[in-house]
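> After the sequence you'll find the predicted model.
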Amino acid sequence: MSKKQAYYKMIESPEMLDYGVYLQCDKLLSCQKPLNDLATSDELQFQIVHQTEELWMKLMAFTLAEIMDYMAQKQSHRVVTLFNRVHRLQRMMIEQLSVLETMSPKEYQQIRLQLGNGSGQESPGFRTLLKMPKDLWDGFNEHYLDNGKISISSIYDEEYCHDDKYAIAEALIEYDELFQLFRWRHLFLIHRSIGLGSDSLKGRPVDLLQSGASKRFFPELWEIRSEMTNRWGSAYGKVRPSISGKS
Ligand code: HEM
């Protein structure tokens, strides 16, 4: 047996001690194509990056469901800590996409032939995550905004005191921003591997993804920024006098 094949055997069927038994490493390591059947050596990283991202999305969705419960109990410190975990997972997911940019466009074409008409839009984790923002907002509205009686404007401007409501609103907008950053980062990955002018495996133009990436889950939290700029700006009109006297 060649050295390479000996290592393949070690990678695919290692001895399971307690660590491996508890983590079910035998199952985990058999979730990828057998190493000798890969269409190209890049296919292993392609599968592992996608599978890892699915696991992070599973943990994110689980954590967001916990956040909804803690909002209902008004346990704001818990909510903020758990959002912090979700934000770290989102940053990791964005960063991980770059691993796939080490794959050449040609090798990706070889892998793409294996994919049937599968699409990232069928990702189970992503589809669950897309359903959750509405419930997050409803929970925030019910338990922190007194069902719409407390306005976003009062939290950010008139009665601003950096309280629990403000901290959670900022955690929500951070989630929104990082979610869309993932989509934009993913667009660059597509641009680099198959190009934006092509069609997806479902036959849809790839650049349709740009409209998804421009959406906002919590528009009120974004709008308050421009409302405040207009309100505060009305004191000086559109253009202020120069401070230096030179511009
Ligand atoms: C070279 C790597 C990749 C390529 C070429 C690629 C390509 C694409 C394309 C063409 C679409 C549009 C599908 C359609 O309209 O039916 C798409 C969607 C998507 N892909 Fe990827 N993808 C790659 C890697 C990844 C990775 C690593 C993830 C990890 C989670 C991912 C997750 C998604 C998601 C969630 C969508 C739906 C996005 C949305 O609706 O905004 N993709 N991908």
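Good, I have the coordinates.
> show me what contacts the residue of the chain found nearest the ligand?
Ranking the residues of the chain by distance to the ligand (Cβ to the nearest ligand atom) places Gly120 first, at 1.9 Å. For glycine as for every other residue, the C-beta is placed from the backbone atoms N, C-alpha and C. Neighbouring residues of Gly120 by Cβ atoms under 8 Å, 6 or more residues apart in numbering: Phe126, His186.
> what residues does the chain put near the ligand?
Proximity of the chain to the ligand, by Cβ under 6 Å from any ligand atom, involves residues 49-50, 53, 97, 100, 108, 119-121, 123, 126, 183, 186, 189-190, 193-194, 200, 202, 204, 206, 209, 212.
> same thing but 8 Å
46, 49-50, 53-54, 57, 93, 96-97, 100, 103, 108, 112, 119-123, 125-126, 130, 182-183, 186, 189-190, 192-194, 198, 200-202, 204-206, 208-209, 212-213 (Cβ under 8 Å from any ligand atom).
> What subset of these is buried?
46, 49, 53, 57, 93, 96-97, 100, 103, 108, 123, 125-126, 182-183, 186, 189-190, 193-194, 200, 206, 209 (16 or more other Cβ atoms under 10 Å).
> follow-up on the earlier one: would you mind measuring from the residue of the chain closest to the ligand to Met71?
Separation of Gly120 from Met71 (Cβ to Cβ, to the nearest Å): 30 Å.
> Just name the shakiest helix or strand of the chain by mean pLDDT.
Between all helices and strands in the chain, the lowest mean by mean pLDDT, DSSP states H and E belongs to helix 209-213, at a mean of 89.
> I'd like the mean pLDDT over the helix or strand following that one, please.
Next helix or strand after helix 209-213 toward the C-terminus (DSSP states H and E): helix 219-233. Summarised as a single mean, pLDDT over helix 219-233 is 95.
> Kindly report the same for stretch 1-12.
So the average pLDDT for stretch 1-12 ends up being 94.
> Any chance you could list what contacts that stretch?
Contacts for stretch 1-12 (Cβ under 8 Å, 6+ apart): Leu29, Ser30, Pro34, Leu35, Asn36.
> hmm, try it at 6 Å
Leu35 (Cβ atoms under 6 Å, 6 or more residues apart in numbering).
> hmm, back to that, which other helices and strands does the least confident helix or strand of the chain contact?
Helix 209-213 sits against helix 164-193, with contacts defined as 3 or more Cβ pairs under 6 Å, 6 or more residues apart in numbering; DSSP states H and E.
> what's the angle between the helix it packs on and helix 219-233?
Calculated by axes from the mean of the first three to the mean of the last three Cα atoms, to 10 degrees, helix 164-193 forms an angle of 110 degrees with helix 219-233.
> Report the buried residues of helix 164-193.
Buried positions in helix 164-193, judged by neighbour count with 16+ other Cβ under 10 Å: 165-180, 182-183, 185-187, 189-190, 193.
> And for stretch 28-38?
Buried, per 16+ other Cβ under 10 Å, within stretch 28-38: Gln32, Leu35, Leu38.
> Give me the contact list for it.
Tyr8, Leu44, Gln47.
> if we go to 10 Å?
Residues from elsewhere that reach stretch 28-38 (Cβ atoms under 10 Å, 6 or more residues apart in numbering): 4-5, 7-9, 11-14, 16, 20, 39, 41, 43-48, 51, 55, 110-111, 114.
> of those residues, buried ones?
Buried residues within the contacts of stretch 28-38, counting neighbours by 16+ other Cβ under 10 Å: Glu43, Phe46, Gln47, Ile111.
> ok, Asn128 - contacts?
Not quite, residue 128 is Thr, not Asn. Residues in contact with Thr128 (Cβ under 10 Å, 6+ apart) are Met57, Lys58, Met60, Ala61, Phe62, Leu64, Ala65.
> let's see 7 Å
Neighbouring residues of Thr128 by Cβ atoms under 7 Å, 6 or more residues apart in numbering: Ala61.
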